[in-house]
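Undergrad: sharing a sequence plus its predicted fold:
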Amino acid sequence: MSKPYEGAAMLVCPLELSDFQHVCAVIVSGHKVNPCGHTLLHIGKSWSWYVHISGPYNLPKFMPQSNYMRYLKENGKREIRRSPIKLPNPKGAHEKLHELIEKPWIWGAVVHNCTSFEEEVVRAGGSNAGQYFNCPIAERFG
């Protein structure tokens, strides 16, 4: 049995600086081991991508908009909510994402997880958006 689709690690970030004018935190349901859910970033408007970190010591994964429904279906997830995020410094977020795709993310379950990965990107973009509890289902990303 093949592993469910989670996107692909990228050697080069497919996103342009202009894509960071549209950014949303996307909260999806979790699974048995992770009842808190999962956070992804949706970046770009017409040519958009989802980026997230999934699992211990993994590189960030990217998936085009066209594969998002596949991701939800194969992982038994459903979208719970989207929160738009205004980035005063899109260049900072773009540069941070470029930096993060070069090294595996050290996963820490409740801390240093999917939410903290997304927070690092948007905070580099000048936003204070994030989650206090790092449990995506429990609170808005804002």
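TA: Structure received. Numbers count the residues shown, from 1 in each chain.

Undergrad: assign the most centrally placed residue in the chain to helix, strand or coil.
TA: Most central in the chain under C-alpha atoms, centre = their mean is residue 40, positioned 2.6 Å from the mean C-alpha point. Three-state assignment for residue 40 (DSSP: H, G, I helix; E, B strand; the rest coil): strand.

Undergrad: then the one 10 residues further on?
TA: When states are read from three-state DSSP, the local structure at residue 50 comes out as strand.

Undergrad: next up, the contacts around it.
TA: 7, 26, 40, 41, 42, 43, 62, 63, 64, 65, 68, 71 (C-beta atoms under 8 Å, 6 or more residues apart in numbering). In short, each C-beta sits where N, CA and C put it, glycine included.

Undergrad: what do you get if the cut-off is 7 Å, keeping everything else the same?
TA: Residues near residue 50 by C-beta atoms under 7 Å, 6 or more residues apart in numbering: 7, 26, 40, 41, 42, 63, 68.

Undergrad: please enumerate the helices of the protein.
TA: In the chain, the helices defined using DSSP state H lie at 68-74, 90-100, 114-124.

Undergrad: and the average pLDDT for the shortest one is what?
TA: I take that to be helix 68-74. For helix 68-74, the mean pLDDT works out to 97.

Undergrad: and it, how far out from the chain middle?
TA: Here helix 68-74 is found 15 Å from its chain centre; the criterion is C-alpha atoms, centre = their mean, to the nearest Å.

Undergrad: tell me what the residue nearest to the centre of the chain is bridged to.
TA: Under DSSP bridges, the beta-bridge partners of residue 40 are residue 26.

Undergrad: all set, thanks.
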